[in-house]
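Chemist: Kindly return the folded structure for what I paste below:
(chains A and B)
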Amino acid sequence: MCDTCGCSSGGGAVIVRPGDPSYHVHVGDDLHGHHHDHGSDGHDHTHGRQVMVEQDVLLKNNLLAERNRGYFEARHVFALNFLSSPGSGKTTLLERTIPLIKEDFPVYVIEGDQQTTRDAERIQSLDVPVLQVNTGTGCHLDASMVNRAIKEMVPAENALLCIENVGNLVCPALFDLGEDMKIVVISVTEGDDKPLKYPTMFIEADVCILNKTDLLPHVPFSAEECRENALKVNRKLEWFELSAATGEGFNPWIEWLQSKLKRG
Amino acid sequence: MHEMSIAMSIIEAVVEKASEENSRKVSEIELQVGKASGILTESLTFCFSAAAKNTIVDGARLEIRETESLGTCEDCGNSFPVEGFFAACPSCGSYNTDLVSGRELLIKSITLENE
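Modeler: A predicted model of the protein is given here:
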């Protein structure tokens, strides 16, 4: 049962707004009907009839993702899907990036976490519109959650939309949200063989950001080896090395982002 | 963990297809799952049987056909089988390779009980 309104929407994803306890939207509402099966006709069914389907299992998600993509394209919204393990510094990266962008382009943020509005509260203090999607037990955002969130926030034209996915280096790789690009973030406190251990995410990503480079002197991590491993998996990856905590290495990343937004 | 979402997507699609065919009982679902699709078939089967409860696919058999991954080399044009998600070209050693199959996740067919 939903803790907020007492409805029976079970473990479904909920969109909430930090600092506004009365606001919450169930992602499933108005999007999915309920299926009820009515009794059988009482005959014995012994023989089967095969029907060809030939359909992608994720067709529904992919179609909705394409609708999101069309919406972004029509409004010149540049949408980025940030992916990483928990604790790689996605939120800190956004906290340092957004102030450098928001004077020139409107910025919107969708935060994905299983529970709490902590990340959304951090982003809200930057004075940009943010919504939090709580996936409950879900391990990834899907296109319907993003579809519902953009209907709630209605991003302005020529905006940057940052979607921070649930911290998880496996599941979110499979679910297209309609973003322009996927950005995978890894930090030097993880292993430099991470791209080899979790290749699906690196195959799907367009950009890889190596974060926490200020800690390089203190950890047994080779940035060069990590980059080589990432490029083995996906030679088309764009690569940035930076520290969201100190700001080192930020210029190339911000210049890249601005050039994408200007092209929008 | 994402196998539960995948199982639920399968059930939703199959229930829709079966009702189009005016069927109230599905006995088998044939899936094609590429070895590089990121799906654990054991986990999918487990999640499926749980998620199918109280639907018309409850008790349906999942027939999963795993397909091998194939890669091609952009440098020398070689085609070769791939173990895992990526590989160097066995002929020239280049990593300028692409997976051309192995990431499929398809519902191939369903078997409906006769009306």
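
Chemist: List the residues that contact B:Glu28.
Modeler: Contacts for B:Glu28 (Cβ atoms under 8 Å, 6 or more residues apart in numbering or on different chains) come out as A:Gly48, B:Ala60, B:Arg61, B:Leu62, B:Glu63, B:Ile110, B:Thr111. Just so you know, the C-beta spots here come from the backbone N, C-alpha and C atoms, and that holds for glycine as well.

Chemist: Longest helix of chain B, counting residues only.
Modeler: The helix that spans the most residues within chain B, counting by DSSP state H, is helix B:3-20.

Chemist: That one and chain A in contact?
Modeler: Yes - judged by Cβ under 8 Å from any Cβ of the partner chain, helix B:3-20 comes into contact with chain A at B:Ser5, B:Ile6, B:Ser9, B:Ile10, B:Glu12, B:Ala13, B:Val14, B:Val15, B:Lys17.

Chemist: Tell me the most packed of the contacts of B:Glu28, by neighbour count.
Modeler: The most crowded member of those, judged by other Cβ atoms under 10 Å in any protein chain shown, is B:Ile110 (27 neighbours).

Chemist: Of all residues in chain B, which one is nearest the centre?
Modeler: Central residue check for chain B by Cα atoms, centre = their mean: the C-alpha nearest the mean position is that of B:Val33, 2.5 Å away.

Chemist: List the neighbouring strands of whatever helix or strand that one lives in plus their orientation.
Modeler: In the assignment (DSSP states H and E), B:Val33 maps to strand B:26-34. As defined by DSSP bridges, the strand partners of strand B:26-34 come to strand B:61-67 (parallel), strand B:105-113 (antiparallel).

Chemist: Could you list every helix and strand that the next helix or strand after it packs against?
Modeler: Per DSSP H and E, the first helix or strand lying C-terminal to strand B:26-34 is helix B:41-51. Helices and strands touching helix B:41-51, by 3 or more Cβ pairs under 8 Å, 6 or more residues apart in numbering or on different chains; DSSP states H and E, are helix B:3-20, strand B:61-67.

Chemist: Pipe the ones you listed into CSV and attach mean pLDDT per row.
Modeler: Shown next, in CSV, are the helices and strands packed on helix B:41-51 (pLDDT from 0 to 100):
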stretch, mean pLDDT
helix B:3-20, 94
strand B:61-67, 95
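
Chemist: Just say which of those is most tucked in.
Modeler: helix B:3-20 (a mean of 20; mean count of other Cβ atoms under 10 Å in any protein chain shown).
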